[in-house]
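*Asks:* Sequence and predicted model, in that order:
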Amino acid sequence: MRTSILALGLIVAYSWTFALAADDQPLNKPPEGFRALFNGRDLTGWYGMGHFSPIKLKKMSPEERAAKKTADTAEAKKHWRVEDGELVNDGKGPYMTTEQEFGDIELMVDYKTVAKADSGIYLRGTPQVQIWDYTKEGGKWGIGADKGSGGLWNNSKGAPGKDPLVLADKPFGQWNHFLIRQLGARTTVFLNDKCVVDNAIMENFWDRKSPLFAQGPIQLQTHGGEIRWRNIFVRGVPPDEANENLMQKNAEGFKPLFNGKDLSGWTGAIENYEVVDGAIRCKPHKGGTLFTKDEYDDFVVRLEFKLPPGGNNGLAIRFPGNGNPAYNGMCELQVLDTEHKRYLGRIDARQAHGSAYGMVAAKLGYLRPTGQWNCQEVTVVGSTVKVELNGTVILDTDLSKVTDYMANSKHPGKTLKKGHFGFAGHSDPVEFRNIMIKPLESKDN
């Protein structure tokens, strides 16, 4: 299987860390850029929590959450200990859980386990990066253990990432080393210097209809046999670095729509947009639709955007070149500072960022803070539209099935099979850069 650009980049950038962390790395001393989550002496920074839904936990009162945390931690301490700089579990009890919650990260973990054991690493409080006995004697070949550890085992059957790409486990008695990168729900796992999960979406085990949580704790699962942990290091991935990696993933076939200098190849409301520092920006108090001279049927478009406070714009999808993109085009995908006081609690859900305006609402909570660049990918195939924001799918819908419209305003253009791509300005200086498109072979051809 061919490794993606992201995976190749990680191999080049971190090939030295595998060897150091697994063998020569000073015990529990993080490499440059990382920090230790386990100090090698005690359980500072950790508490006990069993297999429990973060959704249910959030619905509890503060008093109920505190009581559960106290009880689970007391039980966990019966089964966890620190020994010679290693965090050891006897195979039972609640899981060690970080006090801190994390979003985009790189995580390094060394582990050593025994025959018949079954464990894993929860990311954002969600199962899991699998660890288990990969031998036939372990008794779990029927559910995938023959493929080895490192897969996102709780993904749906057949989903990318569920099964590891290669068997990378070391024999029992030897230390194994993980390097995990998670950007949004996009998850890449290296086990012992081998890519076992390549940029797969980690599903939300707790609610299959919703994307992975934006943040959550790291948990070390216990199940069925002793497991030892050491060298647990984490590094937060800054937004610009995360965007760069997301933009590069499987980049073959994409071509630029914007040269970074001028509006060559674009038409429409040219006079209402400007190029500033390599980005297309809608002029303040101006608007209208700026769109490509070329038309597209099925395609994937990838770009970065930055919102000013309260900023409002949109992506025009299969725009016919005239009229309102939200109604005359296939749809307008909202680009909106949804959390701003101007909109919060005042708009229809189908007006929030990433939504197919007036038709289908996107999931909320995945925009970066105002003023930071976001990375977004839109896939249009036939009547379907998928929006991935900062590595998380926030909309995946079939517009042909929409029958309920905001304010009962129908969208006559939603059945268009071809049109222009563009930006639907609404008076705010929203910026776009690194705009790339990949035409797809239409199903109608």
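*Replies:* Cool, got the structure. Numbering: from 1, shown residues only.

*Asks:* all contacts plus neighbour counts: C-alpha atoms, from now on.
*Replies:* OK.

*Asks:* Show the contacting residues for N155.
*Replies:* By C-alpha atoms under 8 Å, 6 or more residues apart in numbering, the contact list for N155 reads G161, K162, M202, E203, F205.

*Asks:* Redo the residues you listed as JSON lines? Include neighbour count, pLDDT and distance to L27.
*Replies:* JSON lines is the format used below for the contacts of N155 (neighbours: other C-alpha atoms under 10 Å; pLDDT from 0 to 100; distance: C-alpha to C-alpha, whole Å):
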{"residue": "G161", "neighbour count": "28", "pLDDT": "97", "distance to L27": "30"}
{"residue": "K162", "neighbour count": "25", "pLDDT": "97", "distance to L27": "31"}
{"residue": "M202", "neighbour count": "29", "pLDDT": "98", "distance to L27": "30"}
{"residue": "E203", "neighbour count": "27", "pLDDT": "98", "distance to L27": "33"}
{"residue": "F205", "neighbour count": "18", "pLDDT": "98", "distance to L27": "33"}
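
*Asks:* K140: how many residues sit nearby?
*Replies:* K140 is flanked by 16 other residues according to other C-alpha atoms under 10 Å.

*Asks:* buried ones in stretch 368-387?
*Replies:* By neighbour count on 16 or more other C-alpha atoms under 10 Å, the buried set for stretch 368-387 is 368, 370, 373-383, 385-387.

*Asks:* And these, which two are furthest apart?
*Replies:* Farthest pair in these (C-alpha to C-alpha) is T370 and G382. Separation: 32.8 Å.

*Asks:* Pipe the contacts of N155 into JSON lines and attach distance to V275 and secondary structure per row.
*Replies:* Converted to JSON lines, the contacts of N155 look like this (distance: C-alpha to C-alpha, whole Å; DSSP: H, G, I helix; E, B strand; the rest coil):
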{"residue": "G161", "distance to V275": "40", "secondary structure": "coil"}
{"residue": "K162", "distance to V275": "43", "secondary structure": "coil"}
{"residue": "M202", "distance to V275": "37", "secondary structure": "coil"}
{"residue": "E203", "distance to V275": "38", "secondary structure": "coil"}
{"residue": "F205", "distance to V275": "43", "secondary structure": "coil"}
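
*Asks:* Relative to A279, which of the residues you listed is nearest.
*Replies:* The nearest one, if we look at the contacts of N155 relative to A279 and count by C-alpha to C-alpha, is M202, at 31.5 Å.

*Asks:* Would you check that that closest one makes contact with L183?
*Replies:* No. With contact defined as C-alpha atoms under 8 Å, M202 and L183 do not form a contacting pair (10.2 Å).

*Asks:* Quick one: end-to-end distance for stretch 194-207.
*Replies:* 30 Å (C-alpha to C-alpha, to the nearest Å).

*Asks:* How far away from the center of its chain is it?
*Replies:* For stretch 194-207, the separation from the chain centroid amounts to 9 Å (computed by C-alpha atoms, centre = their mean, to the nearest Å).

*Asks:* Give the buried residues for it.
*Replies:* Buried residues in stretch 194-207, counted by 16+ other C-alpha under 10 Å: 194-206.

*Asks:* Nearest to N324 among those residues?
*Replies:* I201 (34.0 Å).

*Asks:* Enumerate every residue touching that closest one.
*Replies:* P160, G161, A185, R186, T187, T392.
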